[in-house]
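Engineer: I would like to see how this sequence folds:
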Amino acid sequence: MKKSILVSSFFLVVIVCFLWLVFKPIDKKTNNQEDLKPDQATTLNIGSIKPSNGFIPIAVDAFGGNIYCELSFDANQTFVLDNMTKDCFDKLLKNNPTESDPTNFGLNFFNKLLVDPAQSIVKDLWIRYVKYTDQVILTHKAHSKNQANYINAKKLVDAIRSIRARFFTPFEIKALFGASDKIEDYELVVLKINESTGMTDDEIEQELNAAINNLPEKSRKAIKFNKDFNDVSRKVQEIKNRGGSQEEIRKERLKVFGPEVTERMEAVDKSRVQFKNQAEIYMQKRGEILQRDLNMLDQEKSIEALRKEIFSDRYDKRRIISLEKIYDTEKSLDILN
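Structural biologist: Okay, the predicted model is just below:
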């Protein structure tokens with residue numbers, strides 16, 4: 001089991017992403033355009049509207065920009081502290097358009113968009129959150145030269161979590177960081193397992209299952225789906241290798257994913273087969289063009305015309321261009337199998 005975990009591409013991605021997130025420097029001021037939604041520009045008075053679906057979107061800052069974030073409110077319009085508050089704070093830090101201390105930027109934001117008692121509560125949290133992130137940045141810098149491994153990652157995570165107690169109550173810590181901490185704990189376990197040389201298979205399974213069971217529901221479902229997908233993909237490939245039927249493949253998928261996901265997978269299969277057939281025709285005709293006595297410009301024009309003739313989808317055109325170099329080296333499209 002341990003070996004299978006070690007070679008799992010999913011776990012490797014988890015480890016690489018986690019180490020990058022843990023040891024990367026924090027930049028409070030970045031221009032993340034995905035967080036900016038100009039079409040959402042509208043000033044909201046929390047005291048005068050009824051929350052929809054348990055939260056209220058907030059989308060105008062005091063400096064004329066548009067920052068889309070969400071705060072949770074219950075049916076009585078009472079502010080609810082949760083991880084959405086942290087997400088909103090992080091967006092304000094990233095999109096602060098001023099060169100000054102972000103504290104005033106956030107205070108102006110909430111002054112404009114909230115009314116008491118929510119305004120005072122959120123502003124107090126915001127002031128403390130900015131101070132907290134300042135300390136986190138210093139802690140990252142202090143650990144930045146350490147080797148990226150489990151021991152150092154755990155030390156950095158523990159150091160950051162200890163800082164929180166100076167700025168937040170236990171209730172606030174759980175509400176703001178509880179969900180992300182569970183994901184972080186899982187990533188630490190994966191990192192520990194992959195670096196370990198002395199853990200037995202039973203110990204690995206026990207520790208990994210405990211970490212998975214502690215994850216938020218969405219994360220648990222994502223991991224389960226990934227595992228199921230990898231298992232079924234392996235079985236499907238085995239069926240293909242021995243010349244099995246499409247009905248066998250369909251039954252294998254239906255057992256795990258049900259009819260809706262199975263149909264989507266079958267649609268992807270058909271699309272892949274179609275693209276591969278088109279790619280084989282394209283490469284053959286492209287090869288004929290390359291054999292002609294043409295200058296470079298005419299050669300490129302002829303190949304471009306061939307692409308337009310065979311591939312109508314822009315994405316497929318980009319794919320075939322990226323595959324040309326591979327094909328010229330390998331003389332095969334096995335990569336598409």
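Engineer: so where do the strands sit in the stretch 101-250 of the chain?
Structural biologist: Taking DSSP state E, counting those that start in this stretch as the criterion, the stretch 101-250 of the chain contains no strands.
Engineer: which stretches of it form helices?
Structural biologist: In the stretch 101-250 of the chain, helices defined by DSSP state H, counting those that start in this stretch lie at 102-113, 118-143, 150-164, 170-195, 201-213, 217-241, 246-291, listed in chain order.
Engineer: now for the third one, which elements pack on it?
Structural biologist: In terms of contact count using 3 or more C-beta pairs under 8 Å, 6 or more residues apart in numbering; DSSP states H and E, helix 150-164 is assigned the packing partners helix 9-23, helix 118-143, helix 170-195. Glycine gets a C-beta too; all of them are placed from N, C-alpha and C.
Engineer: and what of the longest one?
Structural biologist: For helix 246-291, the helices and strands in contact under the criterion 3+ C-beta pairs under 8 Å, 6+ apart are helix 217-241, helix 296-310, helix 314-330.
Engineer: Distance from it to the middle of the chain?
Structural biologist: Here helix 246-291 is found 26 Å from its chain centre; the criterion is C-alpha atoms, centre = their mean, to the nearest Å.
Engineer: Just give me the neighbour total for residue 158.
Structural biologist: 10 (other C-beta atoms under 10 Å).
Engineer: sorry, back to before: quick one: the helices and strands packed on helix 150-164 as TSV, columns for mean neighbour count and distance to residue 311 too.
Structural biologist: Converted to TSV, those look like this (neighbours: other C-beta atoms under 10 Å; distance: least, C-beta to C-beta, whole Å):
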stretch	mean neighbour count	distance to residue 311
helix 9-23	15	29
helix 118-143	17	46
helix 170-195	17	40
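Engineer: Next, work out how far apart residue 249 and residue 278 are.
Structural biologist: Here residue 249 is placed at a distance of 22 Å from residue 278 (C-beta to C-beta, to the nearest Å).
Engineer: same deal with residue 237?
Structural biologist: 23 Å.
Engineer: Just give the closest residue to residue 232, not the sequence neighbours.
Structural biologist: Distances taken as C-beta to C-beta, 6 or more residues apart in numbering put residue 256 closest to residue 232, at 5.3 Å, once the chain neighbours are dropped.
Engineer: what residues are up against the one you found?
Structural biologist: 228, 231, 232 (C-beta atoms under 8 Å, 6 or more residues apart in numbering).
Engineer: By neighbours, which of those wins?
Structural biologist: residue 232 leads these on contacts (other C-beta under 10 Å) with 19 neighbours.
Engineer: In terms of pLDDT, where does it sit?
Structural biologist: Looking at residue 232, its pLDDT stands at 91.
Engineer: now swap in residue 90 and tell me
Structural biologist: For residue 90, the pLDDT comes out at 90.
Engineer: And residue 275, by the same measure?
Structural biologist: Looking at residue 275, its pLDDT reads 91.
Engineer: Then residue 283?
Structural biologist: pLDDT, residue 283: 91.
Engineer: That one contacts residue 331, doesn't it?
Structural biologist: No: in this structure residue 283 lies outside contact range of residue 331 using C-beta atoms under 8 Å: 9.0 Å.
Engineer: Looking at those two, which is more packed in?
Structural biologist: Between residue 283 and residue 331, counting by other C-beta under 10 Å, residue 283 is the more crowded of the two (18 against 9).
Engineer: returning to that earlier point: among the helices of the stretch 101-250 of the chain, which is nearest residue 314?
Structural biologist: Closest to residue 314 of the helices of the stretch 101-250 of the chain, according to C-beta to C-beta: helix 246-291, at 13.2 Å.
Engineer: if we can go back for a sec, quick check: which of the helices and strands packed on helix 150-164 is nearest to residue 271?
Structural biologist: Among those, the nearest to residue 271 by C-beta to C-beta is helix 9-23 (22.4 Å).
Engineer: Rounded mean pLDDT for the closest one, please.
Structural biologist: Rounded mean pLDDT across helix 9-23 is 45.
Engineer: With stretch 155-162 instead?
Structural biologist: The pLDDT scores in stretch 155-162 average 92.
Engineer: repeat for stretch 136-151
Structural biologist: The model assigns stretch 136-151 a mean pLDDT of 84.
Engineer: And the contacts of residue 256, which is closest to residue 211?
Structural biologist: Nearest to residue 211 among the contacts of residue 256, with distances taken as C-beta to C-beta, is residue 228, at 18.3 Å.
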